[in-house]
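Peer 1: quick check, what structure comes out for this input:
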Amino acid sequence: MFDSLSSKLGTVFSKLRGKGALSENDVMAVSREIRVALLEADVALPVVKDFIATIKDKAVGQNVIKGVNPGQQVIKIVHDALVEMLGSAHSELKFSTPPCAYLMVGLQGSGKTTSTAKIARLLTEKHKKKVLMASLDVYRPAAQEQLAQLGEQTGVATLDIIEGQKPVDIAKRAMDKGRKEGYDVVMLDTAGRLSIDEALMQEVADVKKATNPVEVLLVADAMTGQDAVQTATAFDARVDLTGIMLTRVDGDARGGAAMSMTAVTGKPIKLIGIGEKWTEIESFHPDRIAGRILGMGDVVSLVEKAADTIDQAEAEKMGESLKKGQFNFNDLLSQMKQMSKMGGVGALAKMLPGMGNMAGMLDEAGVDDKMMRRQEAIITSMTPNEREKPNLLNASRKKRIAAGSGSTVQDINRLCKQQKQMETVMKKMKKQGMGGMMKQMKQMMGGNMDDLEMMAGKMNPKGLGAEMDAMKNADNGKLGANPFGDNIPGGNAKLADLLGKGKK
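Peer 2: Below you'll find the predicted structure:
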């Protein structure tokens with residue numbers, strides 16, 4: 001969603017490189033370009049004015065003008081201003097004495113019912129809560145049946161449907177069932193409208209009064225631009241929102257709505273929907289999103305995603321191959337599957353420091369998820385013996401594999417070359433260690449991999465499996481000091497523990 005804004009800001013900051021000192025005129029020029037970039041991203045005008053004023057106040061002064069690297073300092077100032085605009089700190093979902101109610105509100109078509117099911121599944125899987133879902137939408141055809149089907153798909157209980165019952169009565173019945181049957185959370189999916197009207201607001205207010213929810217979450221479509229900000233303002237004025245969930249963040253929206261909503265309403269964005277799958281929902285961390293926008297990556301989220309998705313047995317197996325300096329087609333296939341689980345090549349590239357622009361370059365070069373699927377088809381067309389021993393692949397075997405996978409011999413030759421290159425890398429890693437390999441990669445990438453090199457130097461020599469154990473056992477502390485250095489503001493205490501630097 002933030003790709004366009006990230007690209008524009010990257011162009012602005014590139015003009016600061018190489019400057020020995022930064023004058024007030026430089027700051028003014030940069031501020032004007034940032035203002036244009038934010039307005040083109042559909043950020044609300046009052047928010048843009050406050051943002052630029054903050055940058056000017058902090059950037060024009062002795063610390064920047066006489067700084068060793070003024071360009072980096074300005075980027076740091078912009079980063080901090082972005083974090084403040086997006087909500088300063090991560091806001092967790094709240095709980096109270098069971099059963100606590102979560103009231104889901106929003107306009108029709110924003111993805112409210114699907115988001116209700118996603119959050120319910122998240123509460124069940126991550127927070128180990130017993131959740132009941134209830135649809136209060138008695139107007140939209142089959143809305144209650146839709147939630148019931150989503151409940152079956154996600155494994156979350158839903159309230160029985162009684163025809164003709166009023167929304168407030170449904171909510172009371174859901175809370176009563178929650179108390180009698182020991183549910184921790186009752187999710188109340190209210191009806192939506194095509195636009196704000198008094199009937200909708202009164203109904204939501206009545207349901208809130210009857211259930212006293214601990215969370216009133218507005219579900220807003222990130223694609224709707226400034227209309228989403230107006231919707232948030234209207235709902236907040238009437239029912240006092242506790243948070244916002246943005247849907248369709250994986251789309252090509254310009255991102256301005258997300259950056260404006262918190263600044264205008266003062267309510268935090270708590271969750272974002274990043275895809276259609278049940279698992280494609282993330283907590284919203286302002287500092288991490290700001291890092292992604294500015295091309296600084298999001299290593300914390302990357303490691304957390306790895307901890308959640310990487311199979312322990314596969315990770316240990318990969319660690320053993322790493323220690324032996326081996327890498328066959330089974331290892332390559334396992335690597336591809338893990339990357340797919342974590343969002344694919346482009347998503348991972350955006351989370352690595354200094355690699356944000358690589359995502360577009362990878363697409364242009366044809367290195368995408370479709371290519372990975374074609375390569376998976378080639379590997380699965382091999383015999384177990386061929387996967388284990390790549391040297392067995394002669395001309396006749398390659399023709400057979402090409403016919404079985406719907407590819408060409410040239411495709412197989414390219415994959416074999418890729419496997420050989422990875423095997424060479426593994427052998428060098430065994431010989432030089434991870435730190436030595438990262439120094440070589442840093443030189444290849446033009447010196448933009450300091451943080452990855454530092455991370456590699458702290459990796460557990462027992463392999464990736466041990467790293468995942470360390471991650472899962474680490475403290476879930478609040479956002480703390482940056483474990484990687486001044487170039488990447490923000491950070492997380494548990495990541496610092498993982499890398500052996502301890503809490504700050």
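
Peer 1: now the strand or helix carrying Ala120: buried residues?
Peer 2: Assigned by DSSP states H and E, Ala120 belongs to helix 112-125. Along helix 112-125, these residues count as buried under the neighbour rule (16 or more other C-beta atoms under 10 Å): 112-124. For every residue, glycine as well, the C-beta is placed using N, CA and C.

Peer 1: which elements pack onto that helix?
Peer 2: Helix 112-125 is packed against strand 100-105, strand 131-135, helix 143-154, strand 185-189, strand 215-221, strand 243-247, strand 269-273, strand 281-283, with contacts defined by 3 or more C-beta pairs under 8 Å, 6 or more residues apart in numbering; DSSP states H and E.

Peer 1: just to revisit the earlier point, tell me the one of the buried residues of helix 112-125 nearest His79?
Peer 2: Set against His79, the nearest of those by C-beta to C-beta is Leu122 (28.2 Å).

Peer 1: which residue packs closest to that closest one, ignoring adjacent ones?
Peer 2: Ile281 (5.8 Å; C-beta to C-beta, 6 or more residues apart in numbering).

Peer 1: list the contacts of the one you found.
Peer 2: Ile281 makes contact with 115, 118-119, 122, 271-274 under the criterion C-beta atoms under 8 Å, 6 or more residues apart in numbering.

Peer 1: same check, this time on Ala220
Peer 2: Residues near Ala220 by C-beta under 8 Å, 6+ apart: 106, 110, 228, 231-232, 244-247, 257, 261.

Peer 1: the same query, at a cut-off of 10 Å, please.
Peer 2: Neighbour list for Ala220: 105-107, 110-112, 115, 227-229, 231-232, 235, 244-248, 257-258, 261, 269 [criterion: C-beta atoms under 10 Å, 6 or more residues apart in numbering].

Peer 1: cool, and Arg173?
Peer 2: Contacts of Arg173 by C-beta under 10 Å, 6+ apart are 134, 159-160, 162, 165.

Peer 1: is Leu123 in contact with Leu93, as I believe?
Peer 2: Yes - with contact defined as C-beta atoms under 10 Å, Leu123 and Leu93 form a contacting pair (7.5 Å).

Peer 1: give the residue spans of the stretch 101-250 of the chain that score low on pLDDT.
Peer 2: The model of the stretch 101-250 of the chain has pLDDT under 70 over residues 225.

Peer 1: and for Val204, the neighbour number?
Peer 2: Residues lying near Val204 (other C-beta atoms under 10 Å) number 24.

Peer 1: tell me how far it lies from Glu181.
Peer 2: Computed as C-beta to C-beta, to the nearest Å, the Val204 to Glu181 distance reads 25 Å.

Peer 1: cool, and Lys417?
Peer 2: Taken as C-beta to C-beta, the span from Lys417 to Glu181 is 60 Å.

Peer 1: next one: Asp287
Peer 2: Counting by C-beta to C-beta, the gap from Asp287 to Glu181 is 40 Å.

Peer 1: higher neighbour count, those two?
Peer 2: Higher neighbour count among Asp287 and Glu181: Asp287, with 25 against 11, using other C-beta under 10 Å.

Peer 1: so what does the helix or strand hosting that one touch, helix or strand wise?
Peer 2: Element membership for Asp287 (DSSP H and E) is helix 286-293. For helix 286-293, the packing partners by 3 or more C-beta pairs under 10 Å, 6 or more residues apart in numbering; DSSP states H and E come out as helix 3-14, helix 70-86, helix 256-265, strand 269-273, helix 299-309, helix 345-351.

Peer 1: show me what the longest one is packed against.
Peer 2: If you count contacts as 3+ C-beta pairs under 10 Å, 6+ apart, helix 70-86 packs onto helix 3-14, helix 24-40, helix 45-59, helix 62-65, helix 256-265, helix 286-293.

Peer 1: between those helices, which one is nearest to Leu194?
Peer 2: helix 256-265 (18.0 Å).

Peer 1: that closest one vs helix 70-86, what angle?
Peer 2: Angle, helix 256-265 to helix 70-86, by axes from the mean of the first three to the mean of the last three C-alpha atoms, to 10 degrees: 70 degrees.

Peer 1: relative to strand 243-247, how tilted is helix 256-265?
Peer 2: With the same axes, to 10 degrees defining the directions, helix 256-265 sits at 170 degrees from strand 243-247.

Peer 1: show me this structure divided up by domain.
Peer 2: Following automatic domain parsing, the chain resolves into domains at 3-86, 100-293, 299-450.

Peer 1: comparing these, which comes out most buried?
Peer 2: domain 100-293 (a mean of 20; mean count of other C-beta atoms under 10 Å).

Peer 1: verify the contact between Glu376 and Leu332 for me.
Peer 2: Yes - taking C-beta under 10 Å as the definition, Glu376 is a contact partner of Leu332 at 9.3 Å.

Peer 1: can you give me the end-to-end span of stretch 221-228?
Peer 2: Using C-alpha to C-alpha, to the nearest Å, one end of stretch 221-228 lies 7 Å from the other.

Peer 1: try stretch 95-106
Peer 2: One end of stretch 95-106 to the other measures 21 Å (C-alpha to C-alpha).

Peer 1: so how far is Cys416 from the residue lying closest to Ala395 once chain neighbours are set aside?
Peer 2: Closest residue to Ala395 apart from its sequence neighbours, by C-beta to C-beta, 6+ apart: Val409 at 7.8 Å. Note on Val409: its distance to Cys416, by C-beta to C-beta, is 10 Å.

Peer 1: tell me what the helix or strand hosting Ala210 is packed against?
Peer 2: Assignment of secondary structure by DSSP H and E places Ala210 within helix 198-211. Where contact means 3+ C-beta pairs under 10 Å, 6+ apart, helix 198-211 is packed against strand 100-105, helix 167-180, strand 185-189, strand 215-221, helix 226-239.

Peer 1: cutoff 7 Å now
Peer 2: Secondary-structure packing of helix 198-211 (3 or more C-beta pairs under 7 Å, 6 or more residues apart in numbering; DSSP states H and E): strand 100-105, helix 167-180, helix 226-239.

Peer 1: among these, which comes closest to Leu86?
Peer 2: Comparing these against Leu86 with C-beta to C-beta, the closest turns out to be helix 226-239 (13.7 Å).

Peer 1: helix 45-59 and the closest one, what's the angle between them?
Peer 2: Using the same axes, to 10 degrees, one finds that helix 226-239 and helix 45-59 are set 100 degrees apart in direction.

Peer 1: now the angle from helix 226-239 to helix 198-211?
Peer 2: On the basis of the same axes, to 10 degrees, helix 226-239 is oriented at 50 degrees to helix 198-211.

Peer 1: helices and strands around helix 226-239, which ones?
Peer 2: Against helix 226-239 (3+ C-beta pairs under 7 Å, 6+ apart) you get helix 198-211, strand 215-221, helix 256-265.

Peer 1: hang on, the earlier thing: list the contacts of the helix holding Ala210.
Peer 2: Contact with helix 198-211 is made by 101, 103, 105, 136, 167-168, 171-172, 175, 188, 190-191, 193, 216, 238-239, as judged by C-beta atoms under 7 Å, 6 or more residues apart in numbering.

Peer 1: can I get the CA coordinates of that helix in PDB?
Peer 2: Output in PDB follows, covering the C-alpha atoms of helix 198-211 (Å, rounded to 0.1, in the frame of the first residue of the first chain):
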ATOM      1  CA  GLU A 198     -28.800   8.200  11.800                       C
ATOM      2  CA  ALA A 199     -30.500   4.700  11.900                       C
ATOM      3  CA  LEU A 200     -27.100   3.000  11.700                       C
ATOM      4  CA  MET A 201     -25.600   5.100  14.400                       C
ATOM      5  CA  GLN A 202     -28.500   4.800  16.800                       C
ATOM      6  CA  GLU A 203     -28.500   1.000  16.400                       C
ATOM      7  CA  VAL A 204     -24.700   0.800  17.100                       C
ATOM      8  CA  ALA A 205     -25.100   3.100  20.100                       C
ATOM      9  CA  ASP A 206     -27.900   0.900  21.500                       C
ATOM     10  CA  VAL A 207     -25.900  -2.300  21.100                       C
ATOM     11  CA  LYS A 208     -22.900  -0.600  22.800                       C
ATOM     12  CA  LYS A 209     -25.100   0.400  25.700                       C
ATOM     13  CA  ALA A 210     -26.500  -3.100  26.100                       C
ATOM     14  CA  THR A 211     -23.100  -4.900  26.000                       C
END
